Every structure is written in C-alpha cells, then in structure tokens.
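**Student:** Show me the folded form of this:
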Amino acid sequence: MNTVQIDTGRLTDIGYDSCIASCGNFMVLDHTVMESRCHIEGLVVLPLKQAFDAYPHVREKLFFNVVSRETSETTLQAAGMEPVGYYVFVEPGVRIEEPLQAAFLFGETGSRQFIHNIIELGEGAELNIVNGCTTATHGRSGTHVGITETYLGKNAHLGYTMIHNWGHAMEVFPVGAVSVGEGARYISNYVGMTEVRKIVTNPIAHVASGGSARFYSVIFSKGNSYFDTGARVILKGENASGEIISRVVSEGGTVVSRQLLSGEQAGTFGHMECSGLLLNENGVIHSIPELKGAHPDINLAHEAAVGKISREELSYLMTRGLTEEQARSLIIRGFLDIKIEGLPEKVQSFMNEIINRSVEGSI
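**Tutor:** Predicted coordinates:
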C-alpha cells in the first residue's frame, strides 16, 4: 500500500480538480493506480494491464507499435517492466464534450517511474484529455519516463493537453507518437511553467490524407531548468497539414526547441513558429526549425524570433499607472497567450489560468 501523502493543491495545479466537470478520471501514484473510472457510454478507461486481458488487440497491435522499444535506452528499460498507465478507447461516432482528467504523481524520492499510456479513438470519435504530471509533494527528486501511443481513426478528433508541474530536482523523459488517420485531427498542448532539472521530449505525428496534427507549447524556464522539447510532424498523405507553435520565456533556464515538418505527398501544408523572450542574461533559447520536402507540390514554412521585453512597451504601460512588476507580468502573459482553434473553451480557460498563476508567482 502506497503511504505517500498527496498535496491536493498540486493536483489542482495540473488540472485534476473534482470541481471541474469531466467524463472520467485516472490517477497513478508512483506505480500504483489510485483511481480509474468513467461514466460515459462509449468510453473505456482502464489500467493498461487490465486492458491487455479485456482487449487482446491492445497488447498485440497497439503496445510498442508507433513507439519502438528501440527508440532509446529508456524505452528499452520500460519495455522490460510491467506496464502502468491507462488505456483509453472511444467507440466510433461517440463525441464527448467534457474532458477526461488524468494525473501521474511521483512520490518516491530517488526512484524511477515508468508510465505507458495508449489512446485509441474509433472512426468519427471525439475526446479531450487533460493529462497532468507532478510530484506528490514539493521537493521530490527522481526520474519519470512517460510513453504515450495514440491512434486516431478516420475523421476522429483528439485534444490532448499535457501540464507539467515538476520540482527542481526531477528529470523527465516523455516519449510520444501519434497515428493520425484519414481526415482525423490531433491537437497537442504542452504547458511547462515550473522549475525542473531536465525535460527531454520530441513527440512525432504521422498524418494520413486530409488529416492534421497541431502542436502548441508554452514554456517558462526558471532557475537552472533545462528543457529540450519540440515536435515532429510527418505529412504522409495527400492534403495533410501540420502546425508547430511554441512560446518560450527564459528567466535563467535553457530551452532547446526542435521542430520538424516533413511533406511527402501533394497538397501538404505546414507551418512552424518559435518565439522566445529572455528576461535576464543567464537564460538561453535555442530554436532549431527543420523543413523536409519530398514532393514539388507542398507548402512548408517556418519563422523564429528571440528577444527581450521592449523598454518602450514597458514604459508605456507604466505611464498608464502600472508598476514595473505589473507591466512585466502583463507583457509576459500576453506573450504566452496562444488562442487554439478547436480547443474547448473550458480547456483553454484552464490553460490560461495555469499560465497566469505561474507568471504572477515568479515576477
């Protein structure tokens, strides 16, 4: 029995909130499933180990399929362990408005946590997931490895929001891969606003004809934090599209932003953008955009910019009665504000709340 006491405030900070309407809940503490439930017809939420027995195809066809066991040393280690995580399935044609809440908590200082999640949406299905990761209490140290494999059927839609609220002593290695079916839509939102020792992640989406994959990330790198993040979108089918947008603020930490768009068939369209804001001389923002064209009838573009807060903008706001601290906070919040088309208003509002609280707590 896991005896770690959970700081409920940290759960709220990652979107796991009983006050928010949801279609289901899933929680893991270290390697123990603490909660797994859903109350929507056509939605399955199960611990992955149980799903192997209930749905044999999950182990045979989905487990370590879009993510290879040989991806890295950490995935090889994960493949040799008993899987802990969720299996989420939405039946064809089922559209669910309320988000699914999931939380992964790290409690044992000095240990390694391995998580493996599988998401499957049938044809025409729709779901939003708010997935949060944090330490059970402040000051924990260790390593978290999280593998997520996602499969979207024809014309399905998934909004996947990941909120990281780790501590300064954590090392984190998320591994994600998505198969986006014909005409399907995938939206990924990543929010990292707290100090962390290291986060390394570079998810990939394979997009079929007429499908789309969009990755948005908001990062506030504080103290000695090190983020090596990004996304890869492989446009494999005709008229597939992709977008990668990142907003990065460094208050002393280092952020490496890697972005890849690859167009392989006629009519593919892709755009990427990385904007960085440096708040002091200790921070580093390194943007690495990459475009790969393998067909003459494609349209791929990128733009990147890194700079500082404009003294003119700061002065203007201060002449309107704001203190320098209030003006800086307002500018940073505006910079990090990304309006995401197709994201439910409830999820967008929650993301904005998390960002605003983090900015106000650090300026």
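
**Student:** what's around residue 70, how many residues?
**Tutor:** By the criterion of other CB atoms under 10 Å, residue 70 has 10 neighbours. Where you see a C-beta, it was placed from the backbone N, CA and C, and this is true even at glycine.

**Student:** Endpoints of stretch 291-311, how far apart?
**Tutor:** Stretch 291-311 stretches 34 Å from its first residue to its last (CA to CA, to the nearest Å).

**Student:** Check stretch 35-44 too.
**Tutor:** For stretch 35-44, the first-to-last residue distance is 14 Å (CA to CA).

**Student:** who's in contact with it?
**Tutor:** The contact list for stretch 35-44 (CB atoms under 8 Å, 6 or more residues apart in numbering) reads 23-27, 45-47, 51, 86-91, 93-94, 96, 98, 100, 125, 127.

**Student:** Give the PyMOL command for selecting the buried subset of the residues you listed.
**Tutor:** Here is the PyMOL selection string for the buried members of those, based on 16 or more other CB atoms under 10 Å:
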select buried, resi 23+24+25+26+27+45+46+47+51+86+87+88+89+90+94+96+98+100+125+127
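
**Student:** In helices only, show me the contacts of stretch 35-44.
**Tutor:** Counting by DSSP state H, these place residue 51 in helices.

**Student:** Can you show me the helices along the stretch 201-350 of the chain?
**Tutor:** 311-319, 324-336, 345-360 (DSSP state H, counting those that start in this stretch).

**Student:** Report the buried residues of the first one.
**Tutor:** If I follow you right, that is helix 311-319. By neighbour count on 16+ other CB under 10 Å, the buried set for helix 311-319 is 314, 317.

**Student:** okay, now the residue nearest to residue 243 when sequence neighbours are not counted: neighbour count?
**Tutor:** Leaving aside its chain neighbours, residue 243 sits nearest to residue 214 (4.3 Å; criterion: CB to CB, 6 or more residues apart in numbering). Here the count is done by other CB under 10 Å, and residue 214 has 23 residues near it.

**Student:** Give the bridge partners for residue 214, please.
**Tutor:** Beta bridges link residue 214 to residue 187, residue 243, judged by DSSP bridges.

**Student:** Domain-wise, how is this structure divided?
**Tutor:** For the chain, the structural domains run 8-309, 310-363, going by automatic domain parsing.

**Student:** As JSON lines, these with mean pLDDT would be great.
**Tutor:** Shown next, in JSON lines, are the domains of the chain (pLDDT from 0 to 100):
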{"stretch": "domain 8-309", "mean pLDDT": "94"}
{"stretch": "domain 310-363", "mean pLDDT": "76"}
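
**Student:** ranges for the strands of the stretch 201-350 of the chain?
**Tutor:** Using DSSP state E, counting those that start in this stretch, the strands of the stretch 201-350 of the chain run over residues 204-207, 212-222, 226-235, 241-251, 254-263, 268-278, 284-293, 298-308.

**Student:** re earlier: roughly how far apart are the residue nearest to residue 243 and residue 293?
**Tutor:** The spacing between residue 214 and residue 293, counted by CB to CB, to the nearest Å, is 19 Å.

**Student:** How about residue 159?
**Tutor:** Distance of residue 159 to residue 293, computed by CB to CB: 29 Å.

**Student:** what do you get for residue 6?
**Tutor:** For residue 6 relative to residue 293 (CB to CB), the value is 49 Å.

**Student:** Tell me the bridge partners for residue 204.
**Tutor:** Residue 204 forms beta bridges with residue 177, residue 232, as assigned by DSSP bridges.

**Student:** number of nearby residues for it?
**Tutor:** By other CB under 10 Å, the residues close to residue 204 number 21.

**Student:** residue contacts, it?
**Tutor:** 176-178, 231-234.

**Student:** got a winner among those residues for most neighbours?
**Tutor:** Within the contacts of residue 204, neighbour counts (other CB under 10 Å) peak at residue 233, which reaches 31 neighbours.

**Student:** Now do the contacts for that one.
**Tutor:** The contact partners of residue 233, by CB under 8 Å, 6+ apart, come to 204-205, 207, 213, 215, 242-244, 260-262, 270.

**Student:** any idea which of these is closest to residue 185?
**Tutor:** Checking the contacts of residue 233 against residue 185 by CB to CB gives residue 213 as the nearest, at 8.0 Å.

**Student:** Now find how far off-centre stretch 258-278 is within its chain.
**Tutor:** 17 Å (CA atoms, centre = their mean, to the nearest Å).

**Student:** how long is that stretch from one end to the other?
**Tutor:** Using CA to CA, the end-to-end distance of stretch 258-278 comes to 18 Å.

**Student:** Could you do stretch 136-147 as well?
**Tutor:** One end of stretch 136-147 to the other measures 20 Å (CA to CA).
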